[in-house]
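Engineer: Let me see the structure of the following:
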Amino acid sequence: MVFIKRLTIQGFKSFGPRRTSIALEKGLMVITGPNGGGKSNVMDAIRFALGELSAHNLRVGRMAELIHDDPKTNYARVSITLDNSERVLPINSPEVTVARRIDRNGESIYFLNGRQVSRNELLTVLSMANIKPSGFNIVPQGSVIEIAEMGGSELRKMIEDISGISDYEKRREEAEEQLAIAEKNLAIAKASTGEVKLRVKQLQKERNQAYRRIHAERFLNSIKSLEFRRGIAQIEPELSSIDGELMELEERLNELSSRRMKILEEKKILEERWEEDSHKLKEVEMEIDELKRKRERMISEISRLNTSISVMDERLRRISDERSYIEERLKNVDERIMSIENEIEESRRSLEILAAEFNEIKEFEEREREKLRSAEERLKRKISDLNQKRKVVQGELRRLEARIAEADAEIEQLKRFIDNSHKELDQLFDESSKNMLRVIECLKESSNIDENAKNIEEKLREFKSRLERSLSKLEDAKELEAKLNEVLKKISLSGLIRGIGKRETLLEEIRSAGVDGIYGFLDNEIEADEKAFKMLEAATDGWIHALIVQDLNLALRLAEIFADSGMNLKLLPLDMAEGCRGSRVLKSMKLKFRSEWAEKALAYLLRGVRFDLGIRLPKIGERVVSPGLVIHPDLRIEVNPGKKTLLESLLTREYLKSMKILERVKGEVMKIENEVKDLEQAIQGHEMKFMSLATERERLAQEAWTRYVSTSESILKEIELYSRIRRMNSEILEAERKRVEAREAIERLKVNELEREEEEVEMFKEEVSSLRAEYEKVKVKAIELEAMLTEARKHLERLEDSRRKLVEEKTQLEERVQKLDRESRNALMENERNIEVLERLKEELDEKTIKLSELMELSKSLSEKINEYSLKLREYARELDEVGVEYQELSSKIGSLRVRRTQLEAELSRLKEGLKELGGQEIELPEFDQELLEKILAGLEEELKELEMINQLAPSQYEDLIQNYKLRSIRISELEKEREKIIKFIEWIEGEKKRVFLETFDKVAETFEIFFSRLTGGQGWLRLENPNDPFSGGVEMILKFPGKSARSARAASGGEKSVAAVALLLALQGLTPADFYIFDEIDAHMDLQYSRRLAELFKEMAEKTQIIVISLKDIMAEKADQLIGVYNRGGESMIVKLKLEEVIKTG
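Structural biologist: Sure, this is the predicted structure:
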């Protein structure tokens, strides 16, 4: 447990420049004193020492105003000694002293056990014990009122702050930033992928055109082959030339294939080299980055060393300047020492002259004093003789005068006693008379009160009798109302009663009540024949008569109202029918709607319904409605004749009568309830009057008895006073006789014998006076010389003291010179070490720079190689494209020639075979549809002409690009997953934020209930205005004081709000327990009973922790283990400490 053991204040606010120390103990400490004494400044001093930076929180306009008003006070200093015996603070010491000093310029210096530290370091050490300058364990003046006047949102914000959900807010902001980046990347990726997608579609189209051209060329070649077969007889001479051309083309094709294979092998080797060099380049670039980072660190270290060297050089310069200044100072000190020594010699000589003169005057003074002493002795003897005689006479005179004075005093005192006794007798007589009259009046008033009490008792009996009769009638009426409600509810639920009352009246009443969002009854907005209405009623199960409202919430509120009034009514919220439009079923029934909302509502009710004039089985999930019956999806058949029965009519009529009776019963119930309430209030008022009369009667009886006892005592005192007066009169006569005798004795005394001796004494006195005057003159001269001698000695002592101080200053200056020399040597050594390190770092930096240059060169050469490889690869690709084009052309040409040769050979073989079979006869050729063949050829040629300018590389380009498109799609999918992951993380943060807040709120609410009950004996709880979304609403305090109903803190009085605020403060402190608490006038606005309970609660808490309370309440001081008084004297705050048992002992 870390608690405050001692508080030391100097020059802080109302505390003067003299250091004031307050020793504190464990337990309950109470600081009290008059207003303006400086009580709250004690707490301000503690917060100041703990590191508070806000001038507003310290109750000043600016920090410099914390210093005491005395212009001689240039700073304020406060220190706190904390008990660290349990080593809670990370300092190996049983006590830890934190201190803070502030100058007139507003700058502060912090100390920890005498060592200067930064504010952050101080706060870090104190945080180990949960000590903060503005924590909840320190409650400044006005905090209770501030919390009491807080709104719901401010209370929620305070609980948010103490629950620590600000970290979640920061994490959410970071996640939202990451989400924005991810969405930006996703948008960029989608935009670039969209462009690629367009290119893919274009290449797909070009690839299809290429394939189409190939197929067209093949088909065309086949047809041409047919024509070649027909004309082979005419082109036989060309066959030998075609064979020669084919051989040449095949040789060329083989050459192209060999060249293509060679190019592909070289390309593969080049690609392997490109991969290898790229890998090397990547390693080199990583090594370059590492070298750059090392180089930057070395440059930073070199910069730091240069700065350190500059600082040391500056320090050496300052040491040199200071040494020169000290040497000059030493020279001045030596000169002043020489001057003072000369002055000391002159002072000693002057002192010797004064001493000689003083001795001479002292001897003369001694002779004059001896003469005066002998004359005074003779005068004393004369005076002594005279006084002896005078004493005898005066003693006798004083004795006689004393007897006279005693007699006069005794007579005077007895007369005063007699006068006072007479006055007291008069007062006693008046008082006893008044008391007797008051006793008679009290008896009369008591008699009147008895008569009034009898009248009130009779009225009470009458009211109670009427109340019993009214309660009996009320019970019978409520029983009848309940029975009627139950019967009407059963009738209503039977489904036989519909349309009771005028629905238009119901609508008008609802709308006149200010309820918005009521559309109307559905059947009123539909125009249809009777048959269609019956089918709609059967299809909707009677929902055609429903009341249409705006939304579900309004429907639920109206349902509660109608249920309480016993009404049977269907309600349909229109927001459930959003998106439903007129279906084919509605169009087939030829319905007309007066409002658009009616069509939506009916379409929603007829979902899954089919109308049929015949009888057909429904489909799955369908309901068939035909005239007179309904077939459900589960094949339940419901007959619906659509006419009211006799029973329904009778029930409707009886239901209406019962409703009227119920209304009259309800009116009678309300009337009886009002009558019962009036009777109860009258009975309560008469009972209060009866109690007040009984109280008054008891008071009058007590007053009459008291007056009677007082009258008896007065009569006894009168008798005693009469006897005392007679006794005093006899004593006065005796005293007057003694006074006469004493005066006669004084006349007989003779004092003439003393006159002659008194004249002689006067003559001796004159002689002694002249001698004394001479002696006084000499004595004054001696005193003057002695004063001069003393002043000379003091001057000499001052000179010697100045010489001693100068010698000490010289010694200090010499020591400072030696210290500066040591500092200079140390600085030079440190500078040399820094220079050595700097040189070594510069060498290492040069080596790193050289190595970096080499690696940069290597990287450059590798990049050039890779670029060369890339160029060569592009050349290889171009050559492969050229070879591929030429290869395709040659292949196409060879294919064409081979087809043509084959056709010619086949035709020639067929002709030769025909000739051989015919035996030289002419053979008729089969007939062909030449017109159709020409049309096909023309169409193919036209199509090939259209496909002449196409991208022949489209298939390979399409395959390459489609792979890129797939990679981009995968990247988009990854980005979307990353985005979803961030969104889920944000949702998790929101959930955790809500969970932490609710846990904190539950703890605070539970502790608030306990503290509120302890302070008031009532009940109090915290309620969230919006439990589903606690951050959109506030926090409300509900208070239930003893004997009062529960209500919001906003409706409570100021004192009640203060009690609730104190309970909330204590509950908030329970979340972050501290080893000591400080409260400034927390009970200022609390009643005595609440202050007493708060003091008892503090006393109980002080058994485990240290409680410091600033209060003006006596009840709080009575519970204190230590009482500290603060008062203002001469414009400065003073401290006085006491323990309660010491105060009790001293009374």
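Engineer: Which parts of the stretch 501-650 of the chain are strands?
Structural biologist: Assigned by DSSP state E, counting those that start in this stretch, the stretch 501-650 of the chain shows strands spanning 518-521, 526-527, 547-549, 571-573, 592-593, 609-611, 623-626, 629-631, 637-639.
Engineer: what helix or strand does the residue nearest the centre of the chain sit in?
Structural biologist: Geometric centre of the chain, nearest residue: D161, 2.4 Å, by CA atoms, centre = their mean. Counting by DSSP states H and E, the element that carries D161 is helix 152-163.
Engineer: any weak-confidence spans in the stretch 101-250 of the chain?
Structural biologist: 216-238 (pLDDT under 70).
Engineer: ranges for the helices of it?
Structural biologist: Remark: helices assigned in the stretch 101-250 of the chain by DSSP state H, counting those that start in this stretch are 119-127, 143-148, 152-163, 166-230, 237-493.
Engineer: JSON lines please, covering the ones you listed and showing distance to F1008.
Structural biologist: In this view, the C-beta of every residue, glycine as well, is placed from N, C-alpha and C. As requested, those are exported to JSON lines (distance: least, CB to CB, whole Å):
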{"stretch": "helix 119-127", "distance to F1008": "26"}
{"stretch": "helix 143-148", "distance to F1008": "12"}
{"stretch": "helix 152-163", "distance to F1008": "11"}
{"stretch": "helix 166-230", "distance to F1008": "22"}
{"stretch": "helix 237-493", "distance to F1008": "40"}
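Engineer: got the angle between the helix holding D161 and helix 166-230?
Structural biologist: Angle between the axes of helix 152-163 and helix 166-230 is 90 degrees (criterion: axes from the mean of the first three to the mean of the last three CA atoms, to 10 degrees).
Engineer: How many residues are close by E774?
Structural biologist: Using other CB atoms under 10 Å, E774 has 12 neighbouring residues.
Engineer: Oh, that last question was meant for L24, not what I typed.
Structural biologist: Count around L24 with other CB under 10 Å applied: 21.
Engineer: Distance of the nearest residue to it once chain neighbours are set aside relative to V78?
Structural biologist: Of all residues not flanking L24 in the chain, I4 sits nearest, at 5.1 Å (CB to CB, 6 or more residues apart in numbering). The gap separating I4 from V78 is 12 Å, by CB to CB, to the nearest Å.
Engineer: and those two? which has more neighbours close in?
Structural biologist: Per other CB under 10 Å, whichever of I4 and V78 has more neighbours is V78, with 26 against 23.
Engineer: Now find how far off-centre the helix or strand containing that one is within its chain.
Structural biologist: Assigned by DSSP H and E, V78 belongs to strand 75-83. Distance, stretch centre to chain centre, for strand 75-83: 29 Å (CA atoms, centre = their mean, to the nearest Å).
Engineer: which helices and strands does it pack with?
Structural biologist: strand 4-10, helix 39-49, strand 95-103 (3 or more CB pairs under 8 Å, 6 or more residues apart in numbering; DSSP states H and E).
Engineer: So what are the sheet partners of that strand and their directions?
Structural biologist: Strand 75-83 has the following strand partners under DSSP bridges: strand 4-10 (antiparallel), strand 95-103 (antiparallel).
Engineer: tell me the most buried of the ones you listed?
Structural biologist: Stretch with highest mean neighbour count among these: strand 4-10 (a mean of 21; mean count of other CB atoms under 10 Å).
Engineer: pull the CA atoms of the following helix or strand past that strand into PDB?
Structural biologist: Per DSSP H and E, the first helix or strand lying C-terminal to strand 4-10 is strand 20-23. The C-alpha trace of strand 20-23 is given here as PDB (Å, rounded to 0.1, in the frame of the first residue of the first chain):
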ATOM      1  CA  THR A  20       5.100  24.100   5.900                       C
ATOM      2  CA  SER A  21       5.200  20.400   6.500                       C
ATOM      3  CA  ILE A  22       2.100  18.200   7.200                       C
ATOM      4  CA  ALA A  23       2.700  14.600   8.500                       C
END
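Engineer: So Q818 versus R1129, what's the distance?
Structural biologist: 49 Å.
Engineer: and what of S859?
Structural biologist: Distance of S859 to R1129, given as CB to CB: 83 Å.
Engineer: How about I1107?
Structural biologist: From I1107 to R1129 the distance is 28 Å (CB to CB).
Engineer: Show me the domain layout of this structure.
Structural biologist: 1-137+1073-1147, 497-644 (automatic domain parsing).
Engineer: deepest of those domains, which one?
Structural biologist: domain 1-137+1073-1147 (a mean of 18).
Engineer: do you know which of the helices of the stretch 101-250 of the chain lies nearest A1052?
Structural biologist: Each of the helices of the stretch 101-250 of the chain was scored for nearness to A1052 using CB to CB, and the closest is helix 143-148 (8.8 Å).
Engineer: If you count neighbours, what's buried in that closest one?
Structural biologist: For helix 143-148, a neighbour-count test (16 or more other CB atoms under 10 Å) marks S143, V144, I147, A148 as buried.
Engineer: cool, stretch 288-296 as well?
Structural biologist: In stretch 288-296, counting by 16+ other CB under 10 Å, buried: I288, L291, R295.
Engineer: And the second one, how far from E864?
Structural biologist: When CB to CB is the yardstick, L291 and E864 sit 21 Å from each other.
Engineer: if we look at stretch 196-215, which residues are touching it?
Structural biologist: For stretch 196-215, contacts defined as CB atoms under 8 Å, 6 or more residues apart in numbering pick out 943-944, 947, 950-952, 954-955, 957-958, 961-962, 964-965, 968.
Engineer: Repeat the analysis, applying 7 Å as the threshold.
Structural biologist: By CB atoms under 7 Å, 6 or more residues apart in numbering, the surrounding residues in contact with stretch 196-215 are 944, 947, 950-952, 954-955, 957-958, 961-962, 964-965, 968.
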